[in-house]
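Peer 1: predicted model and sequence below, questions to follow.
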Amino acid sequence: MADNNINNKRILGFGRNIIFLGLVSFFTDISSEMIFTLVPLFMVNVLGTAPLLVGLVGGISDSTEALLKIYSGRLADKTRHHKTLALIGYGVSTIAKPFMYIAGHWAVVAGVRFADRVGKGLRTSPRDALLSESCGFAERGKSFGLHKAMDSTGAFLGLFAAAVIIYLTQAGELELTQPAFQKLVLVGVVPGIIALIVLAWLVKDVPSSNNRSSNKEQGFKIVFSGLSREFKLFLLVMFIFTLGNSSDFFVILRAQNLGNPVLNITLMLVVFNLTYALSAIPAGMLSDKLGRKKVIILGWSIYVFTYLGFAVSNQSWQIWLLFALYGVYYGIVEGVAKAFIADLVSRQQRGTAYGLYHGVVGLVLLPASLIAGLIWQKISPTGPFYFGAAMAAVAIISLCWLIPEQARAPRNLN
């Protein structure tokens, strides 16, 4: 268990930090989903941007985020100032968001998205490390599950608010309009500011008895020495999976490609986040009992089925169902994967481990998104989904073969 006073004060059976960091993500996702989720439609419908450039914007932004997650994770382990780094990151994103209101060219969108991802890159690894230190092994899956549930609940409410704004502004038009998008930006900035206030006032750093000078010789050099073999293999498996898991921009474009108007797509995303929120905590609790690996395999299997569905579907009702299943996949895997990483590395290296994990996932998203964009333009809109399903199947086989199940708390890793 994380032996600190933070966990002695509990709310609804969880440590205070777990609840308040969940609230930070809750309000941040209300903001981000309102402003950024429909960016691919804004770029294609309003700015006339080609799908390849949409993939490029998403890929470059995500890769920048990934590099900073590596650095910030290492910095968090060195300084132990998890909260400060998270606060800077959330602050950068909050400052960047209002500039989407004036975006009139894809390059401006790229710049704002880049700044937002810089903020996310700075905050995510320190925040995840702080989460892992605010709970013990026996409740790690449940705690990360609660965080993902609160995160996706915020996304659910943000997209529901977006659907209301779109309905009032443009009703059932097929394509997104600029006035509707600008209203989303204006409203979406407010919850981002609330998230900053919650983080600054209510979240506390976990005291550490570790000697900070232990990392001094390595500085900020990214090294794998001391990290477990299982963690390194897990990074390899994530590389394989992510190569076929391009930006979710293409899921949104696929829904429109099949004739769904913007309002329907927004409501599909509401359904996605609802199933995400409902599945995250049960999946985390299940991983605490059965093991993380089994639960991740279940989630990836659902992903394969869902991506194949996006490839073969030709009716609107099928897309609604697929968005719901896509949310279940996210709810099962996202929190459990982070709990799995905490199982595989020592407490002193969790910031670095989360940085490397997010780094691998984010850096591979650039080639993954470019591959998806090229397949979409040159072959067929169904192609990226066949490719993604195939890579996920390879990742499942690799996970089964390469990594043993982590059934209990490893020695010295709590």
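Peer 2: Received, thanks. Numbering: from 1, shown residues only.
Peer 1: contacts and neighbour counts: CA atoms only from here.
Peer 2: Will do.
Peer 1: spit out the contact partners of residue 47.
Peer 2: For residue 47, the contact set (Cα atoms under 8 Å, 6 or more residues apart in numbering) comprises 104-106.
Peer 1: of the residues you listed, which belong to strands?
Peer 2: Per DSSP state E, strands hold no members of the contacts of residue 47.
Peer 1: if you rank those residues by neighbours, which is first?
Peer 2: residue 106 (19 neighbours; other Cα atoms under 10 Å).
Peer 1: and that one, how far is that from residue 64?
Peer 2: Noted for residue 106: a distance of 17 Å to residue 64, by Cα to Cα, to the nearest Å.
Peer 1: for residue 46, same thing?
Peer 2: From residue 46 to residue 64 the distance is 26 Å (Cα to Cα).
Peer 1: which parts of the protein are helices?
Peer 2: For the chain, the helices defined by DSSP state H cover 16-36, 39-41, 51-79, 82-96, 106-133, 140-170, 178-202, 229-243, 249-257, 262-290, 292-312, 316-344, 350-378, 383-402.
Peer 1: quick one: distance of the longest one to the chain centre.
Peer 2: Using Cα atoms, centre = their mean, to the nearest Å, the mean C-alpha position of helix 140-170 is found 13 Å from that of the whole chain.
Peer 1: quick one: buried residues of that helix?
Peer 2: 140-163, 165-167, 170 (16 or more other Cα atoms under 10 Å).
Peer 1: how about low-confidence regions in the stretch 201-350 of the chain?
Peer 2: Along the stretch 201-350 of the chain, segments meeting pLDDT under 70 span 208-226.
Peer 1: these two touch, right, residue 381 and residue 255?
Peer 2: No - using Cα atoms under 8 Å, residue 381 is not in contact with residue 255, being 10.5 Å away.
Peer 1: for the residue nearest the centre of the chain, what are its contacts?
Peer 2: Nearest to the mean C-alpha position of the chain, by Cα atoms, centre = their mean, lies residue 334 at 7.3 Å. Taking Cα under 8 Å, 6+ apart, we find residue 334 in contact with residue 148.
Peer 1: dump stretch 347-358 to CSV, keeping only the CA atoms.
Peer 2: Extracted C-alpha coordinates of stretch 347-358, given in CSV (Å, rounded to 0.1, in the frame of the first residue of the first chain):
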residue,chain,number,x,y,z
ARG,A,347,7.3,2.8,-7.3
GLN,A,348,10.4,4.8,-7.9
GLN,A,349,10.2,4.2,-11.7
ARG,A,350,6.5,4.6,-12.4
GLY,A,351,6.8,8.1,-13.8
THR,A,352,9.4,6.9,-16.3
ALA,A,353,7.4,3.8,-17.1
TYR,A,354,4.2,5.8,-17.8
GLY,A,355,6.2,8.2,-19.9
LEU,A,356,7.7,5.4,-22.0
TYR,A,357,4.3,3.7,-22.3
HIS,A,358,2.5,6.9,-23.4
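Peer 1: distance from it to the middle of the chain?
Peer 2: Distance of stretch 347-358 from the chain centroid (Cα atoms, centre = their mean) equals 16 Å.
Peer 1: now what about that stretch, what contacts it?
Peer 2: 66, 68-77, 125-126, 128-129, 133, 210, 227, 235, 338, 341-342, 345, 413-414.
Peer 1: filter those down to the buried ones, PyMOL style.
Peer 2: Of the contacts of stretch 347-358, the buried ones can be selected in PyMOL as follows, counting by 16+ other Cα under 10 Å:
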select buried, resi 66+68+69+70+71+72+73+74+75+76+77+125+126+128+129+133+227+235+338+341+342+345+413+414
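Peer 1: low-confidence stretches in the stretch 1-150 of the chain?
Peer 2: Applying pLDDT under 70 to the stretch 1-150 of the chain flags the ranges 1-8, 59.
Peer 1: can you do 80?
Peer 2: 1-15, 50-52, 54-64, 66, 135-138, 140 (pLDDT under 80).
Peer 1: can I get the helices of the chain in JSON lines including distance to residue 9?
Peer 2: Formatted as JSON lines, the helices of the chain follow (distance: least, Cα to Cα, whole Å):
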{"stretch": "helix 16-36", "distance to residue 9": "6"}
{"stretch": "helix 39-41", "distance to residue 9": "41"}
{"stretch": "helix 51-79", "distance to residue 9": "24"}
{"stretch": "helix 82-96", "distance to residue 9": "18"}
{"stretch": "helix 106-133", "distance to residue 9": "14"}
{"stretch": "helix 140-170", "distance to residue 9": "15"}
{"stretch": "helix 178-202", "distance to residue 9": "12"}
{"stretch": "helix 229-243", "distance to residue 9": "32"}
{"stretch": "helix 249-257", "distance to residue 9": "41"}
{"stretch": "helix 262-290", "distance to residue 9": "21"}
{"stretch": "helix 292-312", "distance to residue 9": "27"}
{"stretch": "helix 316-344", "distance to residue 9": "22"}
{"stretch": "helix 350-378", "distance to residue 9": "23"}
{"stretch": "helix 383-402", "distance to residue 9": "37"}
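Peer 1: nearest to residue 10, out of those helices?
Peer 2: helix 16-36 (5.4 Å; Cα to Cα).
Peer 1: need the pLDDT of residue 172.
Peer 2: pLDDT, residue 172: 67.
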